[in-house]
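Engineer: need a structure here:
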Amino acid sequence: MSQLVPRSPGPALGIVELGSVARGLVVADAMVKRAEVALVEAHPITPGKYVVVVAGGEEEVGQAMAVGLELAEETLIDRLLLPRVDPQVVPAMGGELQLHRVAELEALGIVETYSVAASVLAADRAVKAAEVRLVQLRLARGLGGRAFFVLTGELHQVEAGVAAGRTIIHDGMLLTTEIIPRPHPDLLRELLKGQR
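Structural biologist: Coordinates of the predicted model:
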């Protein structure tokens, strides 16, 4: 069986989160057939949900999202069309921890959501609104369908980033937010263990 090489992600990101694995497969197939987009992720997440993530040009992702939302019908849980995703987001979605680029953890901000789309949207808004680094973005796997992200930076910047991320989450998708000033070095080691 040959392995597909994904195209490079573009400036736009689209996410469709569904309550059916079977319908999720149909939606993923239709989205990549509809437009020239890269299929970043397409897999089941507990409990019985399915997430599809595509990236590419803004127009192409919009076309893929249109067909995906039409086919999702009543199985749709959440969706996101992000025209200009911050460069920190896609690598973090792939499980890449950014802690090696952080000299010292002055503060950590954590935002936990009920959906993948809400967490990606909030993470993108947080890193655009404040001088923070996105160090981790965990999307649903092993989390019962929930998602969370972790930011670091100066305390006042982390507070601003968390506030910005919190305010953009809609429809009751926010679970909680936390801020940890001066985290202990042992916590850093635990975050590193959490890498996929």
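Engineer: What separation is there between the residue positioned nearest the centre of the chain and residue 92?
Structural biologist: With distances taken as C-alpha atoms, centre = their mean, the chain has residue 120 as the residue nearest its mean C-alpha position (3.1 Å). Look at residue 120 and residue 92: by C-beta to C-beta, to the nearest Å, they are 9 Å apart. (C-beta placed from N, C-alpha, C; glycine too.)
Engineer: Overlap in contacts, the two.
Structural biologist: By C-beta atoms under 8 Å, 6 or more residues apart in numbering, residue 120 and residue 92 have these common neighbours: residue 137.
Engineer: Helix, strand, or coil at the residue nearest to the centre of the chain?
Structural biologist: helix (DSSP: H, G, I helix; E, B strand; the rest coil).
Engineer: Check the spacing between it and residue 189 real quick.
Structural biologist: With C-beta to C-beta as the criterion, residue 120 and residue 189 are 26 Å apart.
Engineer: Which residue ranges make up each domain of the protein?
Structural biologist: For the chain, automatic domain parsing gives the domain ranges 12-82, 89-193.
Engineer: Tell me where the model's unsure across this protein.
Structural biologist: Counting by pLDDT under 70, the chain shows low-confidence ranges at 1-10, 95-104, 140-143, 192-196.
Engineer: if you set the cut-off to 50 instead, what comes out?
Structural biologist: Residues of the chain meeting the criterion pLDDT under 50: 1-8, 196.
Engineer: can you give me the helices in it?
Structural biologist: Using DSSP state H, the helices of the chain run over residues 21-34, 58-72, 89-93, 116-129, 155-168, 185-193.
Engineer: Pick the most buried one from these.
Structural biologist: helix 116-129 (a mean of 25; mean count of other C-beta atoms under 10 Å).
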